[in-house]
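Undergrad: Please work out how this folds:
(chains A, B, C and D)
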Protein chains: 2
Amino acid sequence: MVTLAEVAQHAGVSASTVSYVLSGKRSISPTTRQRVEESIRQLGYHPNAGARALASSRSNIVALMIPLRTDMYVPVMMEIAIAVATAARTHGYDVLLLTGEEGPDAVRRVTGSGLADAMIVMDVELDDERLPLLRGTDRPSVLIGLPADPSGLTCVDLDFRATGALCVEHLASLGHRDLAVIGEAPGVYERHTGFAERTLEGLRGRARELGVRLLHRPCEGGYDAMALTLARIFDERPGTSGFVVQNEAAVEPLLALLRQQGRAVPEDVSVVAICPEQVAVQASVRLTSVAIPAQEMGRRAVEQLVAKLDGRGSDEVVLLAPELTVRASSGPAPQV
Amino acid sequence: MVTLAEVAQHAGVSASTVSYVLSGKRSISPTTRQRVEESIRQLGYHPNAGARALASSRSNIVALMIPLRTDMYVPVMMEIAIAVATAARTHGYDVLLLTGEEGPDAVRRVTGSGLADAMIVMDVELDDERLPLLRGTDRPSVLIGLPADPSGLTCVDLDFRATGALCVEHLASLGHRDLAVIGEAPGVYERHTGFAERTLEGLRGRARELGVRLLHRPCEGGYDAMALTLARIFDERPGTSGFVVQNEAAVEPLLALLRQQGRAVPEDVSVVAICPEQVAVQASVRLTSVAIPAQEMGRRAVEQLVAKLDGRGSDEVVLLAPELTVRASSGPAPQV
DNA sequence: ACCCACTGTCGAAGCGCTTCGACGCAGTAT
DNA sequence: ATACTGCGTCGAAGCGCTTCGACAGTGGGT
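TA: Residues are numbered from 1 along each chain as shown, chains lettered A, B, ... in the order given. A predicted model of the protein is given here:
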């Protein structure tokens, strides 16, 4: 391994000069700079990460905690993770991947050891047990998701409450009076996952305001679960004509089952999905949907984090405004 | 931050003793060990990662290169990534997430800086440009995937050639003589992604041996693309009665389109999928499939890597044997 | 009784980098 | 001339840990 000292010798300057060329923290004459850069190139020098971290107490690594479960929301998570990694690199950071498995211990380990300078936390529960730790440490952190009490924390998320409201508005404005929500798997609600609960609040709140009826049913993905759920819904509310789906694994089953039952989309029932753009476009019916802007969320999270690391930026909640795109799955409510 | 020296002082021993307690590299008397451990606990000591890396030239980090694209295979990638992260932790390693974006440069950067002790590379192309670098460095690496020439490399992968063969065998044994393969998106083949090409070889080879006809059509996911592809297939080979699908995004569209065309599964056409178990089980028809053992692959890759890091283990190609599970989507060929 | 091997502990020397203060040398203001 | 201010460079002091060799103390073999 080539060291700083070797580069310095090769370029005929002192080690500190090379260091300053690299960091730009002091001014260097153009000739010296060039000489050093040439030596670096020739020798194929790469600064040693450990030494750098030790001396500067900055690792240039941000940790990303992703959920361990692969039972929900996988493509979104993946997209966020990739966006985070990509965005972090453009700011000179690498990304350490932590699974939720270790839970709060991971936070302790990473902040305690100085392995990472900061962290991004996904899959936030309303009353997440990691929050006190994050508040208590001096390492910056950003949540992707919104807990019940975001005070003292920086959060980036889609405004799921507004998302829910928007879906109801859309369907109500088309004349639908009986709506059903196909939600995430029951476990997601049991864990009090922020986004799921907030969506529900938004849905229910606006439904109440607009005087439309709303049924919420959690649903595991897949055909069998969906069939059961759907049967129950139509038993309880035969007049249901509008669906909001927030569960990727339920989208296609729902469409297939409706078709199978002779209910035309959008003539007999309308469907609005909350899902990544791609899912909405590739479904068997092009879905009216509110997109989950995974890339944007990842990117914004990194930007917030970098701002904090640079001493700029403060605790702040960034809620991305939902956008509803009308496609082929929603239309006027059928005349009774 | 609490340091080793503070722990040593608190416990009334020297710093090196504390270090040896932590690493276990020299024997320590039970009483001393307990005293030190107690001090560590009381002070909430966490070893500094940078200092450790510098002194030991081991970072206890493995890098994981995942593809940047989210156009294919996402859940599998995610599952592998999580399995890798989880398995790595059980061996005391953390995982650094690299996207394919940087390409070979990422390999140089990470190995050059000592940021990671080793790396796992996913989404391997047959003639991947990262391979020479991996061969040339002394840092251990493991590929998840199989390049054209695996010499000097350690690889872990599902035996996709055998997988292809297995699918053909299954359909041929049911009497199907005209098979069609719905492949990954064209781009995947253009990049000469290892698994896709090998599957194809396996399919074609066994088809030739068994004297059945085989059509291969790459296909983007989604309904529209699938509809076009399917129409073409039935135009060219109206007698096609067996399908092999290797594209998660095409599975559901295919089933829906077949249904729509009045072709019953499995009475009129049989479908075999190469996909994660979950997809096969949750599809509208429970699919006969060869599972992609994502978790297993991730775990095995880590095991190989750790073995190499420990000086055990050698260059080796680990091919997991495919297993075909018969479900409801395949049956005897229709009588002509 | 003596030597040897072993066990448990310590001190010190780095690992490769960052960063602080110092210093020489212009250039500018007095 | 003198004093001052930058600028560009250097030397040295760590950052917190691992690890090597040294060294007491202990016990077993002869």
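Undergrad: show me the contacts for the closest residue to A:E101 other than its chain neighbours.
TA: Nearest residue to A:E101 in three dimensions, chain neighbours excluded: A:L68, at 4.7 Å (C-beta to C-beta, 6 or more residues apart in numbering or on different chains). Backbone N, C-alpha and C define where each C-beta goes, glycine included. Taking C-beta atoms under 8 Å, 6 or more residues apart in numbering or on different chains as the contact definition, A:L68 lies against A:T99, A:G100, A:E101, B:I82, B:T86.
Undergrad: Need those in TSV (columns: neighbour count).
TA: Below are the contacts of A:L68 laid out as TSV (neighbours: other C-beta atoms under 10 Å in any protein chain shown):
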residue	neighbour count
A:T99	22
A:G100	16
A:E101	16
B:I82	25
B:T86	18
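Undergrad: And the least confident helix or strand in chain A by mean pLDDT, what does it pack against?
TA: The element with the least model confidence among the helices and strands of chain A, by mean pLDDT, DSSP states H and E, is helix A:277-282, at a mean of 88. For helix A:277-282, the packing partners by 3 or more C-beta pairs under 8 Å, 6 or more residues apart in numbering or on different chains; DSSP states H and E come out as strand A:288-291.
Undergrad: so is A:L64 in a helix, a strand, or just coil?
TA: strand (DSSP: H, G, I helix; E, B strand; the rest coil).
Undergrad: Name whatever forms a beta bridge with it.
TA: Per DSSP bridges, the residues bridged to A:L64 are A:L97, A:I120.
Undergrad: DNA strand C contacts on chain A?
TA: Remark: the part of chain A in contact with DNA strand C comprises A:1, A:3-5, A:15-16, A:19-20, A:22-23, A:25, A:45, A:47-48, A:51-52, A:54-56, using C-beta under 7 Å from any atom of the strand.
Undergrad: Give me the residues contacting stretch A:7-23.
TA: Contacts to stretch A:7-23, defined as C-beta under 8 Å, 6+ apart, come from residues A:4-5, A:26, A:28, A:32-33, A:35-40, A:42-43, A:45, A:47.
Undergrad: Of those residues, which count as buried by neighbour count?
TA: Judged by neighbour count, with 16 or more other C-beta atoms under 10 Å in any protein chain shown as the criterion, the buried members of these are A:L4, A:I28, A:T32, A:R33, A:R35, A:V36, A:S39, A:I40, A:Y45, A:P47.
Undergrad: for the stretch 51-200 of chain A, what are the low-confidence residue spans?
TA: The model of the stretch 51-200 of chain A has pLDDT under 70 over residues A:70-72.
Undergrad: how about the strands of it, start to end?
TA: Here the stretch 51-200 of chain A has its strands, by DSSP state E, counting those that start in this stretch, at A:61-66, A:94-99, A:118-121, A:141-144, A:154-158, A:178-182.
Undergrad: Highest mean neighbour count across the ones you listed, which stretch is it?
TA: Ranked by mean neighbour count, those are led by strand A:141-144 with a mean of 27 (mean count of other C-beta atoms under 10 Å in any protein chain shown).
Undergrad: about what we covered before: could I get the strands of the stretch 51-200 of chain A as a markdown table with distance to B:G136?
TA: As requested, the strands of the stretch 51-200 of chain A are exported to a markdown table (distance: least, C-beta to C-beta, whole Å):
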| stretch | distance to B:G136 |
| --- | --- |
| strand A:61-66 | 25 |
| strand A:94-99 | 22 |
| strand A:118-121 | 34 |
| strand A:141-144 | 38 |
| strand A:154-158 | 40 |
| strand A:178-182 | 53 |
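Undergrad: what would those strands look like in CSV with distance to DNA strand D?
TA: Formatted as CSV, the entries for the strands of the stretch 51-200 of chain A read as follows, by distance: least, C-beta to the nearest atom of the strand, whole Å:
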stretch, distance to DNA strand D
strand A:61-66, 16
strand A:94-99, 18
strand A:118-121, 19
strand A:141-144, 22
strand A:154-158, 27
strand A:178-182, 51
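Undergrad: Which of the contacts of stretch A:7-23 sits closest to chain B?
TA: Sorting the contacts of stretch A:7-23 by how near they are to chain B, with C-beta to the nearest C-beta, puts A:P47 at the top with 6.1 Å.
Undergrad: Please work out how many residues are found near the closest residue to the closest one other than its chain neighbours.
TA: Nearest-residue entry for A:P47: B:S113, 6.1 Å, with adjacent residues in sequence omitted and distances by C-beta to C-beta, 6+ apart. When neighbours are defined as other C-beta atoms under 10 Å in any protein chain shown, B:S113 has 19 of them.
Undergrad: cool, and the one 10 residues further on?
TA: B:D123: 22 surrounding residues under other C-beta under 10 Å.
Undergrad: Just to check, it is in contact with B:L146?
TA: No. When contacts are counted by C-beta atoms under 8 Å, B:D123 is not listed as touching B:L146 (11.8 Å).
Undergrad: A:Q282: neighbour count?
TA: Neighbour count for A:Q282, taken as other C-beta under 10 Å: 23.
Undergrad: pretty sure it contacts B:E220?
TA: No. With contacts defined as C-beta under 8 Å, A:Q282 does not count as touching B:E220, sitting 9.0 Å away.
Undergrad: list residues touching both of those two?
TA: Common contacts of A:Q282 and B:E220 (C-beta under 8 Å, 6+ apart): B:A249.
Undergrad: Give the helix, strand or coil label for A:S27.
TA: Following three-state DSSP, the label given to A:S27 is coil.
Undergrad: Any residue of the helix or strand where A:R35 lies touching DNA strand D?
TA: Mapping A:R35 onto the secondary structure by DSSP states H and E places it in helix A:30-43. Yes. Taking C-beta under 7 Å from any atom of the strand as the criterion, helix A:30-43 and DNA strand D are in contact, through A:T31, A:T32, A:R33.
Undergrad: elements contacting that helix?
TA: In terms of contact count using 3+ C-beta pairs under 8 Å, 6+ apart, helix A:30-43 is assigned the packing partners helix A:4-11, helix A:15-23.
Undergrad: Can you say which of the ones you listed is nearest to A:S270?
TA: Closest approach to A:S270 among those (C-beta to C-beta): helix A:15-23, 58.2 Å.
Undergrad: in the closest one, what counts as buried?
TA: Going by neighbour count (16+ other C-beta under 10 Å), the buried part of helix A:15-23 is A:T17, A:V18, A:S19, A:Y20, A:V21, A:L22.
Undergrad: Same check on stretch A:229-243?
TA: A:T229, A:L230, A:I233, A:T240, A:S241, A:G242, A:F243.
Undergrad: Which members of those occur in helices, if any?
TA: A:T229, A:L230, A:I233 (DSSP state H).
Undergrad: Give the single residue among these positioned nearest to B:D117.
TA: Nearest to B:D117 among these is A:T229, at 48.1 Å by C-beta to C-beta.
Undergrad: Let me know which of the strands of the stretch 51-200 of chain A is the nearest to B:L320.
TA: Between B:L320 and those, the shortest separation by C-beta to C-beta is 22.5 Å, and it involves strand A:94-99.
Undergrad: Just want the angle from the closest one to strand A:61-66.
TA: 30 degrees (axes from the mean of the first three to the mean of the last three C-alpha atoms, to 10 degrees).
Undergrad: Which elements pack onto strand A:94-99?
TA: Packing partners of strand A:94-99 (3+ C-beta pairs under 8 Å, 6+ apart): strand A:61-66, helix A:74-90, helix A:104-113, helix B:74-90, strand B:94-99.
Undergrad: let's go with 10 Å and repeat that
TA: Contact partners of strand A:94-99 among helices and strands, from 3 or more C-beta pairs under 10 Å, 6 or more residues apart in numbering or on different chains; DSSP states H and E: strand A:61-66, helix A:74-90, helix A:104-113, strand A:118-121, strand B:61-66, helix B:74-90, strand B:94-99, helix B:104-113.
Undergrad: All set now, cheers.
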